[in-house]
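Colleague: Got a predicted structure here, sequence first:
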Amino acid sequence: MSVTEIPWRQDAAASDKGEEHEQPIHEIESYAKQVRRKFLKHKLAVWGLVTTLLLLGIGILAPWIAPYNPNEVTDVFAARPSLMHWLGTDQVGRDVLSRLIYGTRVSLIIGFVTVALYVTFGTLIGMLAGYYGRWLDMLLMRITDIFLSFPYMLVVLVIVSILGANISTIMIVLALFKWPTIAMLVRGSVLSIKEMDYVRASMTLGYSTPRILFRHILPNALSPIIVNATFGVASTILSEAGLSFLGMGVKSPQASLGNMLHDAQSLTVLTDQHWLWLPAGLVILITVLAFNFVGDGLRDALDARP
Amino acid sequence: MELLLEVDHLQIAFQTDQGELISVDEVSFELGSGETIAIVGESGCGKSVTSLSIMGLLGTSGSVIQGEIRFNGSILTDCTENQLRRLRGSEISMIFQEPMTSLNPVIPIGEQIAETVRLHQNKSRKEAKAIAVDMLRKVGIPRPEAIIKEYPHALSGGMRQRVMIAMALICKPKLLIADEPTTALDVTIQAQILELMKQLQQESGAAILLVTHDLGVVAEMADQVIVMYAGQVVETADVFTLFRAPQHPYTQGLMKSIPRLDQHKKEQLFAIPGAVPSLKEIPSGCRFHPRCPLAVGRCEEEQPELISAADGHRVRCWMAGNTEQIFVNHTVEVTV
C-alpha cells in the first residue's frame, strides 16, 4: 500500500498571498473603541465626566452666566438667599452665586495649568532618567527624592508668603512639588519600554534619539500619565482651596473656591450664615469627586490592551 | 564577488559588576554582496552580540576592544554614532526574532514603514506612503492599501514578520542582518518567510547575515556557515562541506542532535553533554574541551588556532582531520 502523493503547490509566491489564516482580523475592535466601551461601562466615571464638562462649561462661560459682577458691592450685606441673590450676598455685599461661578473658573484654571506645567516637566525628567540611565538617572532621581522629602504644605506656605500670593505664584509653587511623582512614574514606564523589541528595531532603522523618545516611547507611556494627570487636577484644586482657606492662596477680591471658605473661619458665619460657605464647600467636593471618578474610569479603560 | 563586509579578529567586551567580560573573541569572517552567511551556535555563544556590533548597537556597557569591522569601504568600528545612524536602516538593516513585539503597537503599520523612507530618502509623506504600499505588496501582504491603516495587533505573527522584512528592506540595504527571523513562527510560515527572504535577496542583491540555531534554516539559506562556541569561531566552511564533513566535535555534536525521522523510537535524542560555559569561567585551552568526547591533555592546556583543514574550511581543533572515525558521519536532510 502506498501513500498517495499529495500535490503540494510548489509556487511559493502564490501560496504566500491570500492565505486565509493570514488575513488580518477585522473583528478586533480598535483600541479607542475598546477604551470608550470600558469607560462607558463605569457609571460613576460617566457621571464624573458629565459633571466635569458641566463645570468646565460654567468656568468658560462665567462672564455670561454670572448674574452680577463678582467683585461688585451691592446694597445688601450678608443677605439670605432670595430671588435677587439666589445664594445670598457676603459680608461686604457681593453676590455669592456670581463669586461661586468665578471661583470655579479660577480653581479650574489653577488645576489645569498647574497639572500641565508639572506633567510636562516631570515627563521630560522621567524620560531622560529612564532612557539614558547611569549617572544621569542617579542624579535626576536623587533630586526627585529631595523634592519628595519636603513637608510639602509647609514649604509651599513659606514660599508663598515670601513671594506673595497670586495665581501664578501658586501655580508654579504647586507644580514645583508635584512633578516628582510623574517623573518617577514615567521613568518606570520608560525603563521597561526601552527594552521592547520595537525600540531596538527603531534603533536599527537609524532613528535619532529624540525621535525614539518622543515618537516611539512616549505614546506607549501615555496612559498612566493621563490617569495621573486627571487625579492631579483634583488634588491641585484641593491644595489651592487649602492654601486659600489659610489666606495664603488667591487673594480677595478675586474669588476662588478656597477663599470663599475663608470666611467660614468666623463662628457666626459658620453657625448662622451657612449660605456663605456651604455652596463653595459643595462645589469643591463635587469637582474633586468628579475628577477622581474620571481618573478611576480612565485607569480601568486605558488598562485594556488589545 | 565583491567583498562587502569584513569582520577582522573582533573582540567584544562588556563591563559588568564583576569586571570586564570578553563576550566575543577572535571572530573573523568575510561576506560578499549577494551572499548569505549563517552564524550558528547555542544560546549565549556570542552570535547576537557579533551581529549587533556590526550595527554599532552594543549599548552602553559593551564595546569592541580589538579588531575591525569593515563595510563597503568604511571602517565601522571607527565611525561616529552619527555616521552609524545614517548607515542603519539604509545600508545595513536588521530583522528580529519576535515579530509580535517588534512593531510599535501605537503607530499604524503604514506610518511605521513610511517613517524609515522619509528619514533616509528625503521623500514627501505621499511618496513615502506609495513606496510603503509597493513594498508591502512585494512581501506578499494582501490589500496593502487597507493594511497600512491597521495597527500591529490586527496582524498575525507571519504577517508582522513580513511587515518587519518590508521595513528592513525598504531602503534597499546592502546588508541584512536576520537575528533568528523564523524562530518564533509556525513551521508553515517559517518556510514562506525564508522563501520570501531568498526571493528578495535575488531581486536586490543584498547580503544576508543570518543568526540562527536552526540547522534546517542554515541548510536552506546559507552559502557559508560559521559555527560559534563560547564567543569563538570553532569552524567555518561553505554549507555543503560543513554538512558533509564537519570537522569540529562541537559541529558534529550539533548535527547529531537534530531529530531524525529514521531514528529508532526507543533511542534517545542525542544531546551534547554539559552546557555552554559562563563568560566568567571560560575553560583553559580549547573552550570546548570539558564537553568534548575527544579531549586529550593538550586540549586542556593549549588553545587551538583556527587552522585550514581544506580550501575555505577552517577548524579550531587539535584533532582536526582525525575526528571522523569517532563520530559517525551523516548527512542531514532538511525539507523546508
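Modeller: Nice, I can see it.
Colleague: Give me the mean pLDDT for stretch A:160-172.
Modeller: Mean per-residue pLDDT for stretch A:160-172: 87.
Colleague: what about that stretch, start to end distance?
Modeller: Its first and final residues considered, stretch A:160-172 spans 10 Å by C-alpha to C-alpha, to the nearest Å.
Colleague: for the stretch 151-300 of chain B, which spans come out with low pLDDT?
Modeller: B:265 (pLDDT under 70).
Colleague: Show me the helices in it, by range?
Modeller: B:157-169, B:187-204, B:215-221, B:239-244, B:249-256, B:297-301 (DSSP state H, counting those that start in this stretch).
Colleague: among those, which is the most enclosed?
Modeller: For these, the largest average neighbour count (mean count of other C-beta atoms under 10 Å in any protein chain shown) is found in helix B:157-169, namely a mean of 25. Using the backbone N, CA and C atoms, a C-beta is placed for each residue, glycine as well.
Colleague: Name the residues of the lengthiest helix in chain A that are buried.
Modeller: Identified as the longest helix of chain A according to DSSP state H is helix A:96-132. For helix A:96-132, a neighbour-count test (16 or more other C-beta atoms under 10 Å in any protein chain shown) marks A:96-108, A:110-115, A:117-119, A:121-123, A:125-132 as buried.
Colleague: okay, now residue 54: neighbour count?
Modeller: You didn't say which chain, so I picked chain A. For A:L54, the count of nearby residues is 12 (other C-beta atoms under 10 Å in any protein chain shown).
Colleague: nope, chain B please
Modeller: Using other C-beta under 10 Å, B:I54 is surrounded by 22 other residues.
Colleague: got the contact list for it?
Modeller: Neighbour list for B:I54: B:L5, B:V7, B:I69, B:F71, B:L76, B:I92, B:L175, B:I177, B:L209 [criterion: C-beta atoms under 8 Å, 6 or more residues apart in numbering or on different chains].
Colleague: at 10 Å instead, please
Modeller: B:5, B:7, B:10, B:31, B:69, B:71, B:76-77, B:84, B:87, B:92, B:94, B:175, B:177, B:209 (C-beta atoms under 10 Å, 6 or more residues apart in numbering or on different chains).
Colleague: sec struct for the residue of the stretch 101-250 of chain B found nearest chain A, please.
Modeller: Distance from chain A to each residue of the stretch 101-250 of chain B (C-beta to the nearest C-beta) is smallest for B:G140, at 3.7 Å. Per DSSP: H, G, I helix; E, B strand; the rest coil, the secondary structure class of B:G140 is coil.
Colleague: near chain B too, which of the buried residues of helix A:96-132?
Modeller: Among those, the ones lying near chain B by C-beta under 10 Å from any C-beta of the partner chain are A:Y132.
Colleague: Keep only those of the contacts of B:I54 that are in helices.
Modeller: Reading helices off the contacts of B:I54 with DSSP H, I get B:L84, B:L87.
Colleague: tell me the contacts of residue 166?
Modeller: No chain specified, so I'll use chain A. So A:N166 contacts A:V160, A:G249, A:V250, A:K251, A:Q254 (C-beta under 10 Å, 6+ apart).
Colleague: my bad, chain B
Modeller: B:95, B:109, B:112-113, B:116, B:132, B:134-141, B:144, B:196, B:200.
Colleague: Lovely, talk soon.
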